[in-house]
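This is the structure alone, sequence omitted:
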């Protein structure tokens, strides 16, 4: 009966996992504006904004860093990811299979899917901190790794089940949900900033500047936290979604775009979510710390509820939901690349179950900053491989889509580009102390260089084909 129920839900869903998107399925900018606004005005914002406060970033460093870093992120989506997405119109996973071969992509897809599951799980956990408020649910603290109560586990699993039901219906339903919810969420974040500032005693522009610099982002990290500079903010804003843009995961989403210029639609997400929302949630956390100076509790739902009441709690629920939805959808497509004969909806349902179980562990939220950086770094080299294959194969004299053109299921250039790049980044971190936030940029160039050199050796272009 359950199987028939799911089949009925997705009977008319075709996600074109191994074929280009047909012309009649292409979508305009409006679809992507809503999608990105919903995805990036999300549950992560209720965690990342407070972490900037905890790391003692200065107010001016925060504002300038977010303006610059988010601008670089928009350029990355618009000029790097979107042109390839609209030229090929293939999912990341199938496109990578043609370049790297099935045997390499299976491992990539598995890592990708697990990372997506953990990210979506953290968002389900964020939503659960708000759902549990009326039930007086005991919330996790900064040092929690394991679930504290059975009530927490039940709440998380119920949230995961509902979110998965939306995700298995495919991109159209995910996009529709985001378009409906995102305008209201953005207004709540604006309201959070205004109400929070009032509660901190702001009554003029001068007092706002003073309180921002001396109370909220005062340049003093909390005990046990490192201090963030403007460079941390720039690189985190640019690369917190590294897997999506220079890592090319959003090829899967932007393949639906009528024009490559839809890649710039992400500005609706990053400047509302990664600018306004991060600032607003930082203000909320400052209010929470002022009222609960000795509290170790770190529950986004409680933080928002204290300032905005029910509207704040509901916003946390929806914000986590609108991030978990497309993330579970992406994870399903990643695993579908490993099991192409299994319907995507069925795999997505399994992914939803794994994600919900992972969400029971509060560590996904408490260590989110480190996880986001690591997640992007792990997937970034394969994005560089796709970029190099698309732009440099003809110019540098090697065959495009090497695995497909050679009839092989294994590409040594792609595998070594991935492994050696991660080894290079690990070396920078271990021997020279380069923080994880700064490893993505040099790593990307290293991956491109390795792939081009090895492809010229392994897949040389013949003169007749090059002519």
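Great, that's in hand. Bear in mind that the values here come from a model prediction, so they are computed numbers and not experimental data.

residues in contact with the residue nearest to residue 122 when sequence neighbours are not counted?
Of all residues not flanking residue 122 in the chain, residue 364 sits nearest, at 3.9 Å (Cβ to Cβ, 6 or more residues apart in numbering). All C-beta atoms are positioned from the backbone trio N, CA, C, and that covers glycine. The neighbourhood of residue 364, defined by Cβ atoms under 8 Å, 6 or more residues apart in numbering, consists of 118, 121-122, 125, 358, 371.

Out of these, the closest to residue 415 would be?
Minimum distance to residue 415 across the contacts of residue 364 is 23.6 Å, recorded for residue 118 (Cβ to Cβ).

Residue 135 touches residue 154, doesn't it?
No: contact status for residue 135 versus residue 154: not in contact, 9.8 Å apart, counting by Cβ atoms under 8 Å.

Which residue of the two possesses the greater neighbour count?
Neighbours per residue (other Cβ atoms under 10 Å) separate residue 135 from residue 154, with residue 154 holding more: 15 against 10.

so what's residue 27 closest to, chain neighbours aside?
With Cβ to Cβ, 6+ apart, the residue lying closest to residue 27 is residue 256, at 4.8 Å.

picking that back up, could I get the contacts of residue 364 as TSV with secondary structure?
Below are these laid out as TSV (DSSP: H, G, I helix; E, B strand; the rest coil):
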residue	secondary structure
118	helix
121	helix
122	helix
125	helix
358	helix
371	helix
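
contacting residues for the spatially most central residue of the chain?
The chain has residue 241 as the residue nearest its centroid, 5.0 Å off, counting by Cα atoms, centre = their mean. Shown in contact with residue 241 (Cβ under 8 Å, 6+ apart): 40, 73, 270, 376.

For residue 412, see how far away the last one is.
Residue 376 is 25 Å from residue 412, where distance means Cβ to Cβ, to the nearest Å.

Compute the number of surrounding residues for residue 228.
25.

What ranges does the stretch 351-467 of the chain have for its helices?
Along the stretch 351-467 of the chain, counting by DSSP state H, counting those that start in this stretch, helices occupy 363-366, 368-396, 402-406, 412-432, 440-458, 463-466.

quick one, which of residue 376 and residue 412 is more surrounded?
The neighbour count for residue 376 versus residue 412, taken as other Cβ under 10 Å, is higher for residue 376 (25 against 17).

Quick check: chain neighbours aside, which residue is closest to that one?
In space, residue 376 is closest to residue 242, 3.2 Å off (Cβ to Cβ, 6+ apart).

on that earlier part again, I'd like the helices of the stretch 351-467 of the chain laid out as TSV, including distance to residue 200.
Below are the helices of the stretch 351-467 of the chain laid out as TSV (distance: least, Cβ to Cβ, whole Å):
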stretch	distance to residue 200
helix 363-366	25
helix 368-396	24
helix 402-406	57
helix 412-432	37
helix 440-458	35
helix 463-466	65
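
which one of the ones you listed lies closest to residue 54?
Smallest distance to residue 54 across the helices of the stretch 351-467 of the chain (Cβ to Cβ): 9.4 Å, for helix 368-396.

Run the chain-centre distance for the closest one.
Distance of helix 368-396 from the chain centroid (Cα atoms, centre = their mean, to the nearest Å) equals 14 Å.

Which secondary structure elements does it sit against?
helix 45-54, helix 82-88, helix 92-100, helix 102-131, helix 230-239, helix 412-432, helix 440-458 (3 or more Cβ pairs under 8 Å, 6 or more residues apart in numbering; DSSP states H and E).

That one vs helix 440-458, what angle?
In terms of direction (axes from the mean of the first three to the mean of the last three Cα atoms, to 10 degrees), helix 368-396 departs from helix 440-458 by 40 degrees.

And helix 368-396, what's buried?
Applying a neighbour-count criterion of 16 or more other Cβ atoms under 10 Å, one finds 368-369, 371-373, 375-393 buried in helix 368-396.

ok, residue 433 - contacts?
Counted by Cβ under 8 Å, 6+ apart, residue 433 has zero contacts.

For this structure, give me the ranges with low pLDDT.
Counting by pLDDT under 70, the chain has low-confidence residues at 1-15, 38, 142-143, 169-183, 294-296, 337, 463-467.

hang on, the earlier thing: now distance to residue 405 too, for the contacts of residue 364, in JSON lines please.
Converted to JSON lines, the contacts of residue 364 look like this (distance: Cβ to Cβ, whole Å):
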{"residue": "118", "distance to residue 405": "35"}
{"residue": "121", "distance to residue 405": "38"}
{"residue": "122", "distance to residue 405": "40"}
{"residue": "125", "distance to residue 405": "44"}
{"residue": "358", "distance to residue 405": "38"}
{"residue": "371", "distance to residue 405": "37"}
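
Out of these, who's the most crowded?
residue 125 (33 neighbours).

if I look at the closest residue to residue 428 other than its chain neighbours, how far off is residue 238?
Of all residues not flanking residue 428 in the chain, residue 434 sits nearest, at 4.2 Å (Cβ to Cβ, 6+ apart). Note on residue 434: its distance to residue 238, by Cβ to Cβ, is 16 Å.
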